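# sequence first, then the predicted structure:
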Amino acid sequence: MTSSSLLQLIWLASPALPIGGFSYSEVLEAAIDRAGVSNEISAGAWLLDQLHLSLARADLAVAAKAIGAWRRRDLEAVNELNDWMLQTRESSELRLQTEQMGRSMMDWLRNQHADDDGLLALTRACASPTYPVAFALAVSVTRADVRDCMTSFAFGWAENMTQAAVKTVPLGQSAGQRILAMLADEIPPAVAQAVALMDSERQAFTPMLAILSAQHEVQYSRLFRS
C-alpha cells in the first residue's frame, strides 16, 4: 500500500470526518440504561460482541463486497448490497443512522472530488446510500486492498464506540484506551471473517440489539441519536 493510500484510510477512519459518527452510540446508551452495561468490563464485552456478531457479519461484509463492485463499476451489485443494508436495519433509528452517515459520506466525497465527473456520478448511483456502501466508494479510489480498507472501517467504528462508552457509562480515559486496545486486537480476525463471508452467509440477526434500539427510540433521556 502506498503512503498516499495509507493516509487516505487514516483520514476516513478519523472521528473528525464530518459524517456524524460521533452522534451515535449504536444502542450502547440503551444497553447502559437497561442491559447492565455499567463498567469497563461489561462495556468492553458488549462492544466486543457487537464487533463479531453484528459488524463483521453485516456492515463489514457488505462494505468488503461493495469495494469490488465499485471498482468494477457494477452498479447493479452496488444497489443490491445497499438494498440489503436498508432492509436489515431492525429499527427506525438504525436505518436513519446508516442513511444519514451514507448521505454525509457522499456529500464529503463530492466536496473532495468536485472536478472528478466520473466519481461524482457514482456518488449518485444509490437513491439512499447506506454508510458501508458509501464508505466502500470512498476507499475504492485508493490502491489499498480490501482487508486494509475494512481494518480502517472497523477501527473508526471502534474509536467512536469507545468514546461513546467513555461519555455514557461513564469511564475514564485510561479505561477507554484499554477497551480500544482490546477491540484493536480483535479487529483483524473480525475483518478476516467479514471478507471471507459468501453472500448467502451474510446476516443481521441481533435480536437484543434490535429490542434495545426500539427502546432507545423512546428513552426518556438520551445523548445519542441511536
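Yes, it's here.

# the helices in this protein, which residues?
3-13, 28-34, 40-50, 59-72, 75-87, 92-112, 117-122, 131-140, 146-168, 173-196, 207-216 (DSSP state H).

# what's the closest of those to F224?
helix 28-34 (5.0 Å; CB to CB). Quick note: C-beta positions are derived from backbone N, CA and C, even for glycine.

# quick one: mean pLDDT for that closest one?
Mean per-residue pLDDT for helix 28-34: 94.

# list the contacts of it.
Residues from elsewhere that reach helix 28-34 (CB atoms under 8 Å, 6 or more residues apart in numbering): 37-38, 43, 46-47, 161, 164-165, 168-169, 212-213, 215-216, 219, 222-224.

# how far does it sit from its chain's centre?
Taking CA atoms, centre = their mean, to the nearest Å, one finds the center of helix 28-34 at 19 Å from the center of the full chain.

# cool, stretch 169-183 as well?
19 Å.

# tell me how far the residue most central in space within the chain lies from R124.
Centroid check for the chain by CA atoms, centre = their mean gives W157 as the closest residue, at 5.4 Å. For W157, the distance to R124 (CB to CB, to the nearest Å) stands at 26 Å.

# then R34?
With CB to CB as the criterion, R34 and R124 are 40 Å apart.

# neighbour count winner among those two?
Neighbours were counted for R34 and for R124 using other CB atoms under 10 Å; R34 has more, 14 against 10.

# what ranges of the chain fall below the confidence cut-off?
Along the chain, segments meeting pLDDT under 70 are nowhere present.

# farthest residue from the center of it?
What lies farthest from the middle of the chain is D115; by CA atoms, centre = their mean that is 27.5 Å.

# picking up where we left off before, nearest to G21, out of the helices of the chain?
That would be helix 146-168 among the helices of the chain, by CB to CB, at 4.7 Å.

# in that closest one, which residues are buried?
If you call a residue buried by 16 or more other CB atoms under 10 Å, then helix 146-168 has these buried ones: 146, 148-168.

# for stretch 55-73, same thing?
55-67, 69-70.

# ok, of the residues you listed, which one's closest to P129?
Closest approach to P129 among those (CB to CB): A66, at 10.1 Å.

# quick one: contacts for that closest one?
With CB under 8 Å, 6+ apart, A66 has these contacts: A77, V78, L81, N82, P132, V133, A136, L137, S140.

# can you tell me how far it is from G102?
11 Å.

# anything in contact with each of the two?
Applying CB under 8 Å, 6+ apart, one finds that A66 and G102 are jointly contacted by P132, V133.
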